[in-house]
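> for reference, the sequence and a predicted model appear below.
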Amino acid sequence: MFLAAHLPMCSMRRNAVALGNRPRVTAAAWYRVCLPVLQTHRLPSFAMLVLLVIVGNSTPAYARSVDNTVQDLQVIRTSVRDFLFSHNGSLSTPDDVYVGLIDPRLRLSPCGDVLDLFLPAGSAAVGNTTVGVRCHTPAPWLIYVPARVRLYRPVVVTTRALPRKSVLAKTDIKVERRDVGGLTAGYLDDAAQAAGRVLSRPMAIGAIVDPRALENQRLVRRGDRITIIAKAGSLTVQVAGKSLMDGASGERIRVKNLSSGRVVEGSVTGSGMVSVAR
């Protein structure tokens, strides 16, 4: 009875809040109007709680409905994430994709068609990237959404700090799972690809071995006395020579035959050894 007596009074006050054709009337606004009335009439605490719950649940549907006059930004972010997953394909599916926040003040017209997503020129599908999102109808718009794709793969890393010109031993390197999304120069996934090669620059402990920083070990140095191996059919002849160039395994260099004085070209086959085909 007490609630029935006072509810109309609160309703009158509530209607006053809605004057001026405001787009929404929230429960919080109604509480600010009705609480003074309820407190003035000393409504029991339990009755007040029941009334507030009833009124809060009876907030008009339009006050709780989603605004359909603007594009849902979360739909855009979800579409960008799905796009990056699918774009990487089955051979390099990203383990972690983070899509940047879109300014909530951005009010785009609802797209009446499927969103058109693409990678702008210069943007990669991994690492720090940007995805273009375009709507064609009914009101065209275009935005760019930042994202970060973390792609974890086994890579070769150093186990200790190494100076320049170090020849990599098996104990100097190991394979770890790392994010390779930002490695534009590539990486090595097998320690055997780096063992025995020479660093062209120093590397810190735990550094990912950059393939560009590796050189083949020089087996022949310029000015060294070498052995020239000449093969003619089943006949093999070895003569003393002098290297005119540095050379790694398999590289072709010029050498001088010390017996004849002739300069010939051959392939480095071992430490201090150059093979010349005849």
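On my side now, so go ahead.

> going forward, measure contacts and count neighbours with C-alpha atoms only.
Will do.

> can you list the domains in this protein?
Domain assignment of the chain by automatic domain parsing yields the ranges 2-64, 73-150, 152-215, 218-277.

> the second one - what's its average pLDDT?
This predicted structure assigns domain 73-150 an average pLDDT of 90.

> tell me where the stretch 151-278 of the chain has helices.
Applying DSSP state H, counting those that start in this stretch to the stretch 151-278 of the chain gives no helices.

> just to revisit the earlier point, okay, the domains of the chain in CSV with mean neighbour count next?
Converted to CSV, the domains of the chain look like this (neighbours: other CA atoms under 10 Å):
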stretch, mean neighbour count
domain 2-64, 13
domain 73-150, 16
domain 152-215, 17
domain 218-277, 17
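
> so where's this protein uncertain?
1-67, 90-93, 278 (pLDDT under 70).

> at 50 instead, please
By pLDDT under 50, the weakly predicted segments of the chain are 1-9, 11-31, 33, 38, 43, 45-65.

> for residue 220, which residues are in contact?
226, 243, 245, 246, 247, 248, 268, 271, 272, 273 (CA atoms under 8 Å, 6 or more residues apart in numbering).

> ok, now residue 209?
So residue 209 contacts 155, 156, 157, 158, 187, 188, 203 (CA under 8 Å, 6+ apart).

> how near is it to residue 178?
Using CA to CA, to the nearest Å, residue 209 is found at 12 Å from residue 178.

> again, but for residue 86
Counting by CA to CA - residue 86 and residue 178 are separated by 21 Å.

> residue contacts, the nearest residue to residue 216 once chain neighbours are set aside?
Of all residues not flanking residue 216 in the chain, residue 197 sits nearest, at 5.0 Å (CA to CA, 6 or more residues apart in numbering). Listed by CA under 8 Å, 6+ apart, the contact set of residue 197 reads 167, 168, 214, 215, 216, 217.

> correct me, but the first one touches residue 196?
Put plainly, it is residue 167. Yes. Judged on CA atoms under 8 Å, residue 167 makes contact with residue 196 at a distance of 5.8 Å.

> so residue 229 touches residue 272, yeah?
No. Residue 229 is beyond contact range of residue 272, at 10.7 Å (criterion: CA under 8 Å).

> can you confirm residue 77 is in a helix?
Yes. Assigned with DSSP: H, G, I helix; E, B strand; the rest coil, residue 77 falls within a helix.

> separation between it and residue 175?
35 Å.

> do the same with residue 226
Where residue 175 is concerned, residue 226 sits at a distance of 37 Å (CA to CA).

> what of residue 220?
For residue 220, the distance to residue 175 - CA to CA - is 30 Å.

> if residue 174 is in a bridge, with which residues?
For residue 174, the beta-bridge partners are residue 157 (DSSP bridges).

> wait, what's in contact with it?
156, 157, 158, 159, 191.

> which of those residues sit farthest apart?
159 and 191 (11.7 Å; CA to CA).

> tell me, what's touching those two both at once?
Common neighbours of residue 159 and residue 191, counting by CA under 8 Å, 6+ apart, are 173, 174.

> contacts for stretch 157-169?
Under CA under 8 Å, 6+ apart, the answer for stretch 157-169 is 171-176, 194-209, 217.

> ok, now stretch 105-125?
Here stretch 105-125 has contacts from 68-72, 79-80, 83-84, 87-88, 129-139, 141, 149, using CA under 8 Å, 6+ apart.

> 7 Å instead, please
Stretch 105-125 is contacted by residues 69-71, 84, 88, 129-135, 137-139 when judged by CA atoms under 7 Å, 6 or more residues apart in numbering.

> so how far is residue 112 from residue 276?
From residue 276 over to residue 112 (counting by CA to CA), the distance is 73 Å.

> ah, wrong one, I meant residue 202
56 Å.

> likewise for residue 227?
Taking CA to CA as the measure, residue 227 falls 78 Å from residue 112.

> could you pull out the strands for the stretch 1-150 of the chain?
With DSSP state E, counting those that start in this stretch, the ranges of strands along the stretch 1-150 of the chain come out as 96-99, 116-118, 127-135, 141-150.

> any chance of the contacts of residue 174 in CSV, with distance to residue 120 too?
Supplementary listing: the contacts of residue 174 in CSV, determined by distance: CA to CA, whole Å:
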residue, distance to residue 120
156, 31
157, 32
158, 35
159, 38
191, 36
